[in-house]
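# I would like the atomic coordinates for the input below:
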Amino acid sequence: MRSRNSRLLAACVVAVLGAATYAVVATAGGPSLTSVPSANTKSLGYAPASVLSPELQQTVVAQGSTKVENPTAAISYYGYDNDTLNAAGQPEMVASTATGGQEAHKTEPDKNTYLVFKNGLAGFDANYDYGSHFLFQGHETGSPGYITRINLDADPAHRVTVLATQDDQGNAIADIDGSTWDPWAQRLLFTTENTGAPTYSATPGYPSTVHDVSGALGRGGYEGIQDDGDGNIWIVEDIGGANKGATKARIPHSYVYRYVPAKPGDLANGRLQVLQVKNGSGQVITEASQTPLMSADQLALHTYGSVFDTKWVTIHDTAVNGNAPFIANTLASGVGTPFKRPENGQFQPGSHFRTFFFDETGDTNATSPENDCCGGWTGVFKLTQSDPSASTGRLTIFYKGDQAHAGFDNVAFFTKDQISFVEDAGDTLHGQRNALDSGFLFDVTTDYSTGAQPIRWLAEGRDASATLDADNAGFGKNEGDNEITGIHVSNGDTGKDGILGAKNPDAFHGDWRVFYTQQHGDNPTYEVTEPKG
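The predicted structure follows:
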């Protein structure tokens, strides 16, 4: 029998492992995990099953075809709009000749936030006990935008609740991407990855009160959002820049922000700051300085061993500028340092919120001339500060991607030193490299400049619905290949000690649970577990 620590990621073999040979890879100071040897391949009409490390298994907690407990004329199912109905009045989940090859719009539940409310939460059915364990999502596409809650303890009839489709002013909710929980405000926070759309706060019970907080936090292509131990809110923006001439390299155009509230939990009064990085000459690295192809600043940023001074600069202060909604990207331009689509970030557990890792998705095209040198494949950065509210810090490149490790998006710590990044490489790059997305596990104590590579814990497959969409351009409304999104490791604590990074996670053990969503296609949300027995 192995010790509990060595069994952290060990269990029974999950179904559909294929004939490939597996290698067990140990990480310094952490458990061993068997690495999946390769990604699933992409080809016309081919719908391979996902492959997990043989120590893991996954269970669907909800999927697109799960009927919500409170259906409306617009929304009846977890992952579909009612915009294209069949003769029985159900959304057309798979294109058929009966509707001229049309499909209902797939709403793409995105980032997951897991919370435990010991006294329960209200649902649509006032006479039903929904339990205490809940998983929240916003939906990234479709109309209207909406927020769902998966009631993990509930029966099938009460499994999914639509919490809201409108804000507290009666406005339709915009499509949502990121989410987190602010323990001081006792509100969920949702981002919209849309330069002009609101940032929201929302109550967790039914019906949810949804409020536009972009008069203080701003509007932008926001995606990743996290609290720190001081009550500040860190936001990572994802806006693709223009191409550099006729190439597939993109100009960095997305920023990292920090909202400093007047007091923790105040979502109406505070300062929004942008991260500023200085080059070796003490000059701020800006969009203009990174516009030339393979610019000196981009090369330096993506060079292992280089260390850069950082500074937080206030671009909006409600005490000075008022509370009207504003576009953060416009204010950050020329002041902050943009990256190639930095989508998400998390604080390293045990660092007292002094170490923050964030990724940049990159150019997601194998022909970009900036792939190898300048973050075109992907990049992971490490920002260190003396404390979470410090005005200055240091930035280094932690990992430079390659064709087999590209397009990183969502992120979660499995343990104190093990961080997972999952791919969103996109259909184009999938075809160019003949490989679908994967989930990887890194050890933050490893020096990846030596050529070391992460463990692949998930080789995502492609369900039949996504395969059909990929082969038919989404029938004009849907995405193609499946994407890994919403990777989330949490014990559900709604207090300050539950902020991601406050405690050392112990994935798959005790109260710690692991979730992700296989976005597009059937849109299942999975819980990943270590089987019992």
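
# could you find the closest non-adjacent residue to Leu188?
Leaving aside its chain neighbours, Leu188 sits nearest to Ala202 (4.5 Å; criterion: C-beta to C-beta, 6 or more residues apart in numbering). Where you see a C-beta, it was placed from the backbone N, CA and C, and this is true even at glycine.

# can you tell me which residues contact that neighbour?
Going by C-beta atoms under 8 Å, 6 or more residues apart in numbering, Ala202 touches 147, 163-164, 187-190, 208-211.

# for the stretch 301-450 of the chain, what spans make up the helices?
For the stretch 301-450 of the chain, applying DSSP state H, counting those that start in this stretch gives helices covering 318-321, 328-332, 426-433.

# starting at the chain centroid, how far to stretch 430-447?
The chain centre lies 15 Å from the centre of stretch 430-447; the measure is C-alpha atoms, centre = their mean, to the nearest Å.

# should've said stretch 487-495
The mean C-alpha position of stretch 487-495 is separated from the chain mean by 14 Å, C-alpha atoms, centre = their mean.

# same check, this time on stretch 116-134
26 Å.

# in ChimeraX, how would I select the buried members of the contacts of Ala202?
Burial among the contacts of Ala202 is assessed by 16 or more other C-beta atoms under 10 Å; the matching ChimeraX selection reads:
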select :147,163,164,187,188,189,190,208,210,211
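
# quick check, nearest of the contacts of Ala202 to Gly229?
Closest approach to Gly229 among the contacts of Ala202 (C-beta to C-beta): Leu189, at 16.2 Å.

# checking that closest one next. Helix, strand or coil?
strand (DSSP: H, G, I helix; E, B strand; the rest coil).

# ok, now which ones touch the residue nearest to Trp377 when sequence neighbours are not counted?
Nearest residue to Trp377, sequence neighbours excluded (C-beta to C-beta, 6+ apart): Gly401, at 3.5 Å. Residues near Gly401 by C-beta under 8 Å, 6+ apart: 362, 375, 377-380, 407-408.

# same thing but 10 Å
Residues counted as contacts of Gly401 (C-beta atoms under 10 Å, 6 or more residues apart in numbering) are 302, 359-362, 371-372, 375-380, 407-408, 421, 423, 425, 440.

# out of those residues, which are buried?
Buried members of those, counted by 16+ other C-beta under 10 Å: 302, 359-362, 371, 375-380, 407-408, 421, 423, 425, 440.

# isn't Ser295 right up against Pro369?
No - the criterion here is C-beta atoms under 10 Å, and Ser295 misses it with Pro369 at 12.0 Å.

# can you tell me how far Val514 is from Asp175?
Here Val514 is placed at a distance of 25 Å from Asp175 (C-beta to C-beta, to the nearest Å).

# looking at Ser295 and Pro369, which is more packed in?
Neighbour comparison, Ser295 and Pro369: the larger count goes to Ser295, with 20 against 16 (by other C-beta atoms under 10 Å).

# which non-adjacent residue is nearest that one?
In space, and not counting its chain neighbours, Ser295 is closest to Ser289: 6.2 Å by C-beta to C-beta, 6+ apart.

# just to revisit the earlier point, which neighbours do Ser295 and Pro369 share?
Residues touching both Ser295 and Pro369 (C-beta under 10 Å, 6+ apart): Lys244.

# C-terminal to the host helix or strand of His211, what's the next element?
Taking DSSP states H and E as the definition, His211 sits inside strand 210-212. For strand 210-212, the following helix or strand on the C-terminal side (DSSP H and E) is strand 222-227.

# which elements pack onto the helix or strand just after that following strand?
The helix or strand immediately downstream of strand 222-227 is strand 233-237, counting by DSSP H and E. Judged by 3 or more C-beta pairs under 10 Å, 6 or more residues apart in numbering; DSSP states H and E, the packing partners of strand 233-237 are strand 179-182, strand 222-227, strand 256-261, strand 270-278, helix 328-332, strand 345-347, strand 355-360.

# now these in a markdown table, with distance to Ile315 and mean pLDDT?
A markdown table is the format used below for the helices and strands packed on strand 233-237 (distance: least, C-beta to C-beta, whole Å; pLDDT from 0 to 100):
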| stretch | distance to Ile315 | mean pLDDT |
| --- | --- | --- |
| strand 179-182 | 21 | 98 |
| strand 222-227 | 14 | 98 |
| strand 256-261 | 8 | 98 |
| strand 270-278 | 5 | 98 |
| helix 328-332 | 4 | 98 |
| strand 345-347 | 19 | 98 |
| strand 355-360 | 19 | 98 |
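
# can you say which of these is packed in most?
strand 222-227 (a mean of 27; mean count of other C-beta atoms under 10 Å).

# direction included, what does that strand pair against?
Applying DSSP bridges, strand 222-227 is found paired with strand 233-237 (antiparallel).

# what is the orientation angle of the strand it pairs with with strand 355-360?
20 degrees (axes from the mean of the first three to the mean of the last three C-alpha atoms, to 10 degrees).

# show me how far strand 233-237 is from its chain's centre.
Worked out by C-alpha atoms, centre = their mean, strand 233-237 lies 12 Å from the chain centre.

# just the CA coordinates of the helix or strand where Val61 lies, formatted as PDB?
For Val61, the host element (DSSP H and E) is strand 57-62. Extracted C-alpha coordinates of strand 57-62, given in PDB (Å, rounded to 0.1, in the frame of the first residue of the first chain):
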ATOM      1  CA  GLN A  57     -12.000   9.200 -13.700                       C
ATOM      2  CA  GLN A  58     -14.700  11.800 -14.500                       C
ATOM      3  CA  THR A  59     -18.400  12.000 -14.000                       C
ATOM      4  CA  VAL A  60     -20.900  14.300 -15.700                       C
ATOM      5  CA  VAL A  61     -22.600  16.600 -13.200                       C
ATOM      6  CA  ALA A  62     -24.700  18.300 -15.900                       C
END
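
# which other helices and strands contact the next helix or strand after it?
Counting by DSSP H and E, the next helix or strand C-terminal to strand 57-62 is strand 75-77. Secondary-structure packing of strand 75-77 (3+ C-beta pairs under 10 Å, 6+ apart): strand 160-164.

# could you give the angle of the strand it packs on to strand 57-62?
Using the same axes, to 10 degrees: strand 160-164 against strand 57-62 is 50 degrees.

# walk me through which strands strand 160-164 pairs with, and which way each runs.
Sheet pairing for strand 160-164, assigned by DSSP bridges, gives strand 147-151 (antiparallel).

# from the middle of its chain, how far away would the strand it pairs with be?
Counting by C-alpha atoms, centre = their mean, strand 147-151 comes out at 17 Å from the chain centroid.

# show me what contacts Val277?
Val277 touches 256, 284-286, 297, 300-301, 308-311, 336-339, 381, 383, 393-395, counting by C-beta under 10 Å, 6+ apart.

# again, 8 Å this time
By C-beta under 8 Å, 6+ apart, the contact list for Val277 reads 284-285, 301, 308-310, 337, 395.

# cool, Asp437 as well?
The contact partners of Asp437, by C-beta under 8 Å, 6+ apart, come to 39, 407, 422-425, 430, 460, 481-484.

# save those residues as JSON lines, and put in distance to Gly101 and pLDDT too.
Formatted as JSON lines, the contacts of Asp437 follow (distance: C-beta to C-beta, whole Å; pLDDT from 0 to 100):
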{"residue": "Ala39", "distance to Gly101": "30", "pLDDT": "98"}
{"residue": "Gly407", "distance to Gly101": "30", "pLDDT": "98"}
{"residue": "Val422", "distance to Gly101": "32", "pLDDT": "98"}
{"residue": "Glu423", "distance to Gly101": "30", "pLDDT": "98"}
{"residue": "Asp424", "distance to Gly101": "27", "pLDDT": "97"}
{"residue": "Ala425", "distance to Gly101": "27", "pLDDT": "98"}
{"residue": "His430", "distance to Gly101": "23", "pLDDT": "98"}
{"residue": "Glu460", "distance to Gly101": "26", "pLDDT": "98"}
{"residue": "Asp481", "distance to Gly101": "19", "pLDDT": "98"}
{"residue": "Asn482", "distance to Gly101": "21", "pLDDT": "98"}
{"residue": "Glu483", "distance to Gly101": "23", "pLDDT": "98"}
{"residue": "Ile484", "distance to Gly101": "28", "pLDDT": "98"}
